[in-house]
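[1] Fold the following for me, if possible:
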Amino acid sequence: MAVILILLAVLAILVIYIIAVYNSLVVLRNRVKEAWSDIEVQMKRRYDLIPNLIETVKGYAAHESGTFEKVIQARNAAMASQGTPAERAQAENILSGTLKSLFALTENYPQLKANENFLKLQFELTDTEDRIKASRRFYNTNVLALNNKIEIFPSNLIAQRFAFEKREFFELDQSEAEAARKPVQVKF
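    The predicted structure is shown next:
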């Protein structure tokens, strides 16, 4: 009788453990989904700001149409991207690069840099870029937690059994990663 009670207790503990690990995996998976949703919200905000910014700049730099077209193409490609986080990150990195060229272009137009509407749009876009970076960090933190839980023994056995899959990080492309590692040069 005592042996049966011990076996039942061990079985109950095992079932409780499996339920707890399963539930923690579900929580982590849902956090990753939430974090990805945050990234998409911020990217949508960026997509909405870009046409307004371009229209403002066009008024001052109409002959720079090639730059505008590149920004619009990059924006459309980023909006249309529906692939993996790595593929989406690549499209977003291209868009970030074209936006940098747009802001570099504005350096040639002092009256544009003084335009209140342009300054407000530039501030909003900069704020959005910061939000996207924060959302990427939040997403990657949650992906790391989920991936660790999926790989660590013994939770990996439960993750395999219930088909939990590792997620991809939202990472910088190689050129941005290399640029981020270099020290910032300050010139006076």
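[2] alpha carbons only for contacts and neighbour counts from here, please
    OK.
[3] what helices or strands is the strand or helix carrying Gln73 leaning on?
    Per DSSP states H and E: Gln73 is located in helix 65-80. Packing partners of helix 65-80 (3 or more Cα pairs under 8 Å, 6 or more residues apart in numbering; DSSP states H and E): helix 2-58, helix 85-106.
[4] if we go to 6 Å?
    helix 85-106 (3 or more Cα pairs under 6 Å, 6 or more residues apart in numbering; DSSP states H and E).
[5] Now tell me what touches the helix it packs on from outside.
    Here helix 85-106 makes contact (Cα atoms under 6 Å, 6 or more residues apart in numbering) with 71, 74-75, 78, 81, 170.
[6] sorry, back to before: identify the residues contacting the helix holding Gln73?
    For helix 65-80, contacts defined as Cα under 6 Å, 6+ apart pick out 91-92, 95, 98.
[7] Recalculate using a threshold of 8 Å.
    Identification of contacts with helix 65-80 by Cα atoms under 8 Å, 6 or more residues apart in numbering yields 44, 47, 50-51, 54, 58, 88, 91-92, 94-95, 98-99, 101-102.
[8] Tabulate the contacts of helix 85-106 (JSON lines), appending pLDDT.
    Shown next, in JSON lines, are those (pLDDT from 0 to 100):
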{"residue": "Val71", "pLDDT": "85"}
{"residue": "Ala74", "pLDDT": "89"}
{"residue": "Arg75", "pLDDT": "88"}
{"residue": "Ala78", "pLDDT": "89"}
{"residue": "Ser81", "pLDDT": "86"}
{"residue": "Phe170", "pLDDT": "88"}
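[9] Among the residues you listed, find me the one that's closest to Ile6.
    Phe170 (47.5 Å; Cα to Cα).
[10] Nearest the middle, which residue of this protein would you pick?
    Arg136 (3.6 Å; Cα atoms, centre = their mean).
[11] avg pLDDT for the strand or helix carrying Gln160?
    For Gln160, the host element (DSSP H and E) is helix 155-161. Mean pLDDT, helix 155-161: 94.
[12] same question, stretch 54-70
    Per-residue pLDDT over stretch 54-70 has a mean of 75.
[13] Report the buried residues of it.
    Using 16 or more other Cα atoms under 10 Å as the burial criterion, the residues of stretch 54-70 that qualify are 54, 56-57, 61, 67-68, 70.
[14] Could you work out the most separated pair of these?
    Farthest-apart pair in those is Thr56 and Lys70; separation 16.1 Å (Cα to Cα).
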